[in-house]
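**Q** dropping the sequence and predicted coords here.
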Amino acid sequence: VNPANFVLLREGAAVSLREGDPVVLGSGLYGLAEADGWKVGSSYAISVATSVQGPLGPGQVLGWQFQTAVPDTISVSPASGAGDVDVNISAIVAVFDDLIDEDALQVGGNVVLAREGQPIEITDPIGYDRTTGEVTIPVSDLRAGSSFQVIIDGGLAGPRAIGEFRWGFRTRIPTLSSTTPPDGSSIAAGPRRIQLVFSSDVDEDLARDPANYRLTGAGQSIELVGSEFLYEAETFTVSLPEIEFVSGTGYELVVSSRLGGPRAQRPDDEFSFVTDLPVVVESNPSEASQGVTTSTAAIRLLFSGPLARQNPDDFQLRARSVEDVLGDASAPFGLLPITGFGLDATGSEVNFAPEGGFQPFTEYQLLVDPSAFGDLAIDGFTLGFTTAAQIGNTLDGGTITNADRSVELYFPPNALSGGQSGEVLIQPLSLIHI
């Protein structure tokens, strides 16, 4: 059998036969095939020369045509038009009903994945299973709230393919589920991170971008450092940089809708909270106490939380002589300079004293400005007390009284020992520990 008498055409062009073709199968049958294998989706023609028929043949060239199957997709995943796709899928899969051109599959640009119209690089090899017909396109970091398009060149289905295989899907749009602190809450002052929990994965680059957040305290913008953001993918939680929250202050955070991805068509999320206003929980001397010894080292105020402002100018100490008050109840107070102003490490305990120490038989009044408690404070704090009376010369004796003259005591000469200061504490029984 002369191979030259058998011509195989694909798409009108002659192609090589396998070595040894045509194969004699007997009973006038011959077998032949393209040397590189049949190509998918192609038109073939075979012509057999008249010489094969012998001198008694009809003298006409024998020929016929046929086509190989054009593969088509029978399923894709994610499905075409899917709108809630998890960004963590590892692959996009297209299942074909017949064999495809495997060589064409690996040609760069024949498989394209695009996000919002922009091609994404496919770095890992594309897989193909001849048995199942599955084409597997590996993916990672699909990005939330985005539209994706998959385009497979029609060349994989051969020259008879009508066009490319194309479908699209959209990834899930994350929404803000909860915040810590909650909206409208009041929290303790001090260092902490604001946490935002989303309904699904957030694009980590967007989650860590300070441009997507606007935090204000008392109406003033607070800087957020991008390198200090945290994102926990397992719980979809964004943690803002640690902030030192100040007492008695209103805070507001605006979270850009951009965190939902390009498809997020909603207003920005906003929530607000305040920090607790500190209150005085303990003072020494206590409010309205009488007969306070002049040896008291300092005025001490203990607050329920750190002060918003730790400025000695917010603490005003005034005094007037009780003797003056007994003569004129409207006797004015005089402003006193203070010394030794200090706070403990928590900013919640304040100590200070009047310059020169406490004077006997004197009414003191402490006024704490509202600004010390925070921007939201309306009222300040007032503390009043009276120091003990003192006999000028213990040898001569004398008469002393308390601030309202409800008690008057006379001490004869030498009634007090010479070692005593002459100070006499007159206090209500409830203040005396028996």
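**A** In hand now; what should we look at?
**Q** and the helices in the stretch 101-250 of the chain?
**A** Listed in chain order, the helices of the stretch 101-250 of the chain (DSSP state H, counting those that start in this stretch) span 102-105, 204-207.
**Q** most packed of the ones you listed?
**A** Neighbour counts averaged per stretch over these are highest for helix 204-207, at a mean of 18; criterion: mean count of other Cβ atoms under 10 Å. C-beta: built from backbone N, CA, C; applies to glycine.
**Q** identify the residues contacting that helix?
**A** 212, 229, 231, 233, 238, 258-259, 261 (Cβ atoms under 8 Å, 6 or more residues apart in numbering).
**Q** using CSV, write down the CA coordinates of that helix.
**A** Only the C-alpha atoms of helix 204-207 are listed here, as CSV (Å, rounded to 0.1, in the frame of the first residue of the first chain):
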residue,chain,number,x,y,z
GLU,A,204,-6.7,43.0,54.4
ASP,A,205,-5.0,45.8,52.5
LEU,A,206,-8.2,47.9,52.9
ALA,A,207,-8.6,46.8,56.5
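**Q** how about the strands in the stretch 301-434 of the chain?
**A** Taking DSSP state E, counting those that start in this stretch to define them, one finds strands in the stretch 301-434 of the chain at 315-321, 334-336, 338-343, 349-354, 362-368, 381-387, 389-390, 398-401, 408-411, 423-424.
**Q** residue 225: which of these is closest?
**A** Comparing the strands of the stretch 301-434 of the chain against residue 225 with Cβ to Cβ, the closest turns out to be strand 338-343 (27.5 Å).
**Q** how about low-confidence regions in the stretch 301-434 of the chain?
**A** Residue ranges of the stretch 301-434 of the chain with pLDDT under 70: 392-406, 411, 414-422, 424-434.
**Q** quick check on the residue nearest to residue 218 when sequence neighbours are not counted: phi, psi?
**A** Once flanking residues are discounted, residue 218 sits nearest to residue 375: 4.1 Å by Cβ to Cβ, 6 or more residues apart in numbering. Backbone geometry at residue 375, expressed as degrees, to the nearest 10, gives phi -60, psi -30.
**Q** quick check, residue 375 in contact with residue 251.
**A** No. In this structure, residue 375 is not within contact of residue 251 by Cβ atoms under 8 Å, at 10.3 Å.
**Q** what residues are bridge-paired with residue 45?
**A** Partner residues in beta bridges with residue 45: residue 9, residue 65, with DSSP bridges as the criterion.
**Q** ugh, wrong one, I meant residue 367
**A** When bridges are assigned using DSSP bridges, the partners listed for residue 367 are residue 316, residue 382.
**Q** same question for residue 24.
**A** On the basis of DSSP bridges, residue 24 takes part in beta bridges with residue 30.
**Q** separation between it and residue 5?
**A** Taking Cβ to Cβ, to the nearest Å as the measure, residue 24 and residue 5 are separated by 13 Å.
**Q** higher neighbour count, those two?
**A** When residue 24 is set against residue 5 and neighbours are counted by other Cβ atoms under 10 Å, the residue ahead is residue 5, at 17 against 10.
**Q** buried set for stretch 212-222?
**A** 212-215, 217, 222 (16 or more other Cβ atoms under 10 Å).
**Q** repeat for stretch 152-166
**A** Of all the residues in stretch 152-166, those buried under the rule 16+ other Cβ under 10 Å are 152-158, 160-161, 165.
**Q** of those, closest to residue 192?
**A** Each of those was scored against residue 192 by Cβ to Cβ, and residue 152 proved nearest at 50.7 Å.
**Q** contacting residues around the residue nearest to residue 352 when sequence neighbours are not counted?
**A** The spatial neighbour of residue 352 that comes closest, neighbours along the chain excluded (Cβ to Cβ, 6+ apart), is residue 341 at 4.3 Å. Contacts of residue 341 were listed using Cβ under 8 Å, 6+ apart, and they are 312, 315, 350-352.
**Q** just the buried ones among those, please.
**A** 315, 350-352.
**Q** need those residues in CSV (columns: distance to residue 328).
**A** CSV is the format used below for the buried ones among the contacts of residue 341 (distance: Cβ to Cβ, whole Å):
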residue, distance to residue 328
315, 27
350, 32
351, 33
352, 29
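**Q** go through those and say which is closest to residue 180.
**A** Using Cβ to Cβ, residue 350 is the member of the buried ones among the contacts of residue 341 that lies nearest residue 180, at 30.7 Å.
**Q** what's the nearest residue to that closest one if we skip its chain neighbours?
**A** Once flanking residues are discounted, residue 350 sits nearest to residue 301: 4.7 Å by Cβ to Cβ, 6+ apart.
**Q** which residues does the one you found contact?
**A** The contact partners of residue 301, by Cβ under 8 Å, 6+ apart, come to 280, 282-283, 349-351, 368, 381, 383.
**Q** what subset of the residues you listed is buried?
**A** Neighbour counting with 16+ other Cβ under 10 Å marks 280, 283, 349-351, 368, 381, 383 as buried within these.
**Q** understood, closing this out.
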